[in-house]
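Colleague: task: produce atomic coordinates for the following.
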Amino acid sequence: MGDYEECLNYYGKAGLDDLTVETMSNRMLRMIAEAFAIKGMALEKTPSKTSSKIKLVQLEEQIVSCYEKSGDIALLYLQESEKGRVSVTSTSSSGSGYSTSQPPYVGPLLETAIQRAPLLHIQMGDVDQGINRFRLVLKAVESRATQNMRMTLSRQLAEVLLRGVCESSYNPPAPPASSGADRTGSLSRPGAGGAIGTAIKVAGMKSANLALRPKQYIGEHLFVPKEETEETLLLLLISESLATKEAILSRSEEHTQSRIHSIQNVCAVHDLLTIALVRRAQYDMLAETFDRSMRFSFEEFHLWLQFALSLICAGKYDRALLVLTECNRLDPKNAVVALHAAKLCFNNLHKYSEGIEWAKKVVEQGEDTPFAHKGYQALGLGFSLKASQATLLCDRQEFQKNALKAFNRAHELDENNHEHMFLIGLQLALVRQISDAITYVKQALKLRGNHLDSLHLLALLLSAQKKYKESLNVLDIALSEYPDNMSLMFTKVKLEDLVYGSEEALITCKHMLQLWKKVHETVLSKESSRGTGLLERVTSDKRSLAQIHLMDFSDRDSAAKSVQSPVKSSLHNSLAASRVEQALSEVASSIMSYSPRQGPQQAWLTQAQIWLSIAEIYLSMDKPSEASACVHEASTIFPLSHHVMFMRALIHEHKHEFVEAKKYYDNAIAINPGHIRSLQHLGMVLHYMGNIVLAEKVLREAVNIDPTSHQSWNSLGKVLESQGEYEAASDCLYTAVELESTSPIVPFTSVPRVL
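Modeller: Predicted coordinates for the structure are as follows:
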């Protein structure tokens, strides 16, 4: 009927706030709890007749007080009912062994009263009081009837902590011992007279009042969260456990509504868990949580997509692709799923053909869709990466043509997207159309002047035009925007070595080591991760690297082992089998002594690359012993890296120890058959050793892998010239000269091609 004022009049006549009952029973407890709940709802629905702020505040406090009293008594009623049900069950079990007792029905009135009180505190602006009310209700002794309600309250409190509380304003819950003599744990706020709990007069009792206080969990060994993250995760894990337990697995029609409701609860909890765990980068834990939810997530697209994204963040790319395939089956028209799958194939799994198929699924949805330009961008990127793998010239040219066509179409669909112009410029640079590439890169920088990859590509394009100082100026601008970017610094080192000399390049290298140590100081805090300690000694020394003798700093015994040259033994022992045995022995020794460094592996790879860059500069300064010390330091990080093997071979080649150089070049190629520099130098080492036929074969393989490398063509020309094939040698050398005129300081492929 909605006659709230009449309802309040009746409660006023009954004297609900000063109630006296003949006897207190469970039935009476429920009636009183429902009475306070109805009164609170009536007060909340009744329109206010006053504009006084003080009276409005008093009305709000009266509403909250009714809900809190109702909640206290309701919880006590459920606890007492549970106690009586347990007694009946034990009696029945001792008699017949069979009991039909069911947990008491809470009902919407009592559920609303328990859940509404903390929310009203928050709506009134008192977030701390609302949080405390949530905590007090959750600390009440649990009964079977309150399990679902506990799941909802835990989720709501977690949401409040995530959205409305920061670390600085967070107040942890009080420990149980702080309740003093009140061992039963009243949940109600103190009244006007200071009494705690809802006081009800009972006729015939000597004491004036009976305080209705629900019991709380007490004890010395209870876990009490001390941080906002601890409490949030505890609440969400409780909610997740209860939601998973209550999930409906039956697919019958009669359980459809219940199943939908349970899935909605699960989704809500998992969404909050995602927010909480992603903030702390706990992706593995998040993926495990979604993995547990898969047993009742049949045909639930949202949970499957969240599971896939959590696997991607956790680095489990193969399984993530399988989950995305299932997401695509559930929603074939979802372009985001296809783009995520294509991104995985291109950036992580290197399954370029499969990635192209995913990109085509986006394109096939039509050019009027919001993600059409992204589909063409992904398609072009797939063709560009596929071209790098193609071994036949005709296939490579076809892929490059399709890549440029797709990038141009993406640009037509979204003309103000700087990424499309950058990718067009990069693709033109790969086919050595330098002037056109510069035009597109400058257009990309007009749209976004601080785009890292565009600035890096512009610097490489200027170096390809032999404008080295202008290229350095661009790198300085880029480093002012991105001072921690190592990729820019590696390029700068190469340019400084060419323009200003090796000593200037070594200054930048030392700055890179200092920057690496600063950024990854937490990784270096573990003694087991420090390696030989060369990094600390070099970065703490105020002298330039050109003035430091690294052999004095490095482990003399280990360094001696890495630089000693068994030339005599190699000359006497010319059998191939013995050399293979020696190489395998070294590899086995490296594997047995190698343990991965603690911390992110990409960071350690960067440090190893810095040491190898320093080693190459030392070698150009004719300091092979210093170069060997740097290579030894890099080998302690990644002993089986093909870059380490290559630098060891380069040192032996510099010292004209061609047998040892060939062995290490072979090792590098065995690890990475597509390493161009190893193939180039191996070809020349074979040429120096007189094995002209094999040298030509190796160099032709290098040309086939990367036909734009002028070093490969130049070396091949020299080998052909030594064979007396002057016309073919002339063509190779001419090609080398043409390619060198458009060759950047480092390959254009050093600019990442990622989606």
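Colleague: ranges for the strands of the stretch 151-300 of the chain?
Modeller: Here the stretch 151-300 of the chain has its strands, by DSSP state E, counting those that start in this stretch, at 198-202, 210-212.
Colleague: tell me which residue lies nearest the centroid of the protein.
Modeller: Cys313 (3.9 Å; CA atoms, centre = their mean).
Colleague: pLDDT score assigned to that residue?
Modeller: pLDDT for Cys313: 92.
Colleague: so what's it up against?
Modeller: 278, 283, 286-287 (CB atoms under 8 Å, 6 or more residues apart in numbering). C-betas here are computed from N, CA, C, even on glycine.
Colleague: one more time with 6 Å
Modeller: Tyr283 (CB atoms under 6 Å, 6 or more residues apart in numbering).
Colleague: could you check how far it is from Leu286?
Modeller: Computed as CB to CB, to the nearest Å, the Cys313 to Leu286 distance reads 7 Å.
Colleague: name the residues contacting each of those two.
Modeller: Residues touching both Cys313 and Leu286 by CB under 6 Å, 6+ apart: none at all.
Colleague: the stretch 1-150 of the chain: strands as residue ranges?
Modeller: Per DSSP E, counting those that start in this stretch, the stretch 1-150 of the chain carries strands over the ranges 20-21.
Colleague: give me the pLDDT value at the closest residue to Leu462 other than its chain neighbours.
Modeller: Among residues not flanking Leu462 along the chain, Ser471 sits closest, at 4.0 Å (CB to CB, 6 or more residues apart in numbering). pLDDT, Ser471: 95.
Colleague: next: Ser593.
Modeller: pLDDT for Ser593: 49.
Colleague: what's the answer for Gln102, then?
Modeller: In this model, Gln102 is scored at 64, pLDDT.
Colleague: what's the answer for Ile637, then?
Modeller: Model confidence at Ile637, given as pLDDT, is 86.
Colleague: do I have it right that it meets Trp604?
Modeller: Yes. Ile637 is within contact range of Trp604, at 5.0 Å (criterion: CB atoms under 6 Å).
Colleague: hang on, the earlier thing: surely the residue nearest to Leu462 meets Ser463?
Modeller: Yes. Ser471 is within contact range of Ser463, at 4.3 Å (criterion: CB under 6 Å).
Colleague: how about stretch 263-278: buried residues?
Modeller: 263, 265-270, 272-274, 276-277 (16 or more other CB atoms under 10 Å).
Colleague: could I get those as TSV with pLDDT?
Modeller: TSV is the format used below for these (pLDDT from 0 to 100):
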residue	pLDDT
Ile263	83
Asn265	82
Val266	85
Cys267	88
Ala268	88
Val269	88
His270	89
Leu272	91
Leu273	91
Thr274	91
Ala276	90
Leu277	91
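Colleague: just the closest of those residues to Gln147, please.
Modeller: Nearest to Gln147 among the buried residues of stretch 263-278 is Asn265, at 12.2 Å by CB to CB.
Colleague: residue contacts, that closest one?
Modeller: Each residue near Asn265 by CB under 6 Å, 6+ apart is listed here: Ala243.
Colleague: rerun that using 8 Å as the cut-off
Modeller: Counted by CB under 8 Å, 6+ apart, Asn265 has contacts 151, 155, 243, 246.
Colleague: pull out the buried members of the residues you listed.
Modeller: Buried positions within the contacts of Asn265, assessed by neighbour count (16+ other CB under 10 Å), are 151, 155, 243.
Colleague: measure Ala335 to Pro370 for me?
Modeller: To Pro370, Ala335 is 8 Å away according to CB to CB.
Colleague: quick one: which of the two has more around it?
Modeller: Under the criterion of other CB atoms under 10 Å, the comparison of Ala335 against Pro370 puts Ala335 first, with 18 against 9.
Colleague: for the stretch 651-755 of the chain, what spans make up the helices?
Modeller: All helices of the stretch 651-755 of the chain, identified by DSSP state H, counting those that start in this stretch, fall at 658-671, 676-688, 692-705, 710-722, 726-740.
Colleague: mind giving me CSV with the ones you listed and columns for mean pLDDT, distance to Leu755 and mean neighbour count?
Modeller: Listed next are the helices of the stretch 651-755 of the chain as CSV, based on pLDDT from 0 to 100; distance: least, CB to CB, whole Å; neighbours: other CB atoms under 10 Å:
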stretch, mean pLDDT, distance to Leu755, mean neighbour count
helix 658-671, 93, 27, 21
helix 676-688, 94, 25, 23
helix 692-705, 93, 24, 19
helix 710-722, 93, 30, 21
helix 726-740, 93, 29, 15
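Colleague: list the buried ones in stretch 437-456?
Modeller: Using 16+ other CB under 10 Å as the burial criterion, the residues of stretch 437-456 that qualify are 437-438, 440-441, 443-445, 447, 451-456.
Colleague: sorry, that was for stretch 318-329
Modeller: Buried residues in stretch 318-329, counting neighbours by 16+ other CB under 10 Å, are found at 320-321, 323-324, 326-328.
Colleague: between those residues, which is nearest Gln680?
Modeller: Lowest distance from Gln680 to the buried residues of stretch 318-329 (CB to CB) belongs to Leu321, with 35.5 Å.
Colleague: grab the nearest non-local neighbour of that closest one.
Modeller: Closest residue to Leu321 apart from its sequence neighbours, by CB to CB, 6+ apart: Leu344 at 5.2 Å.
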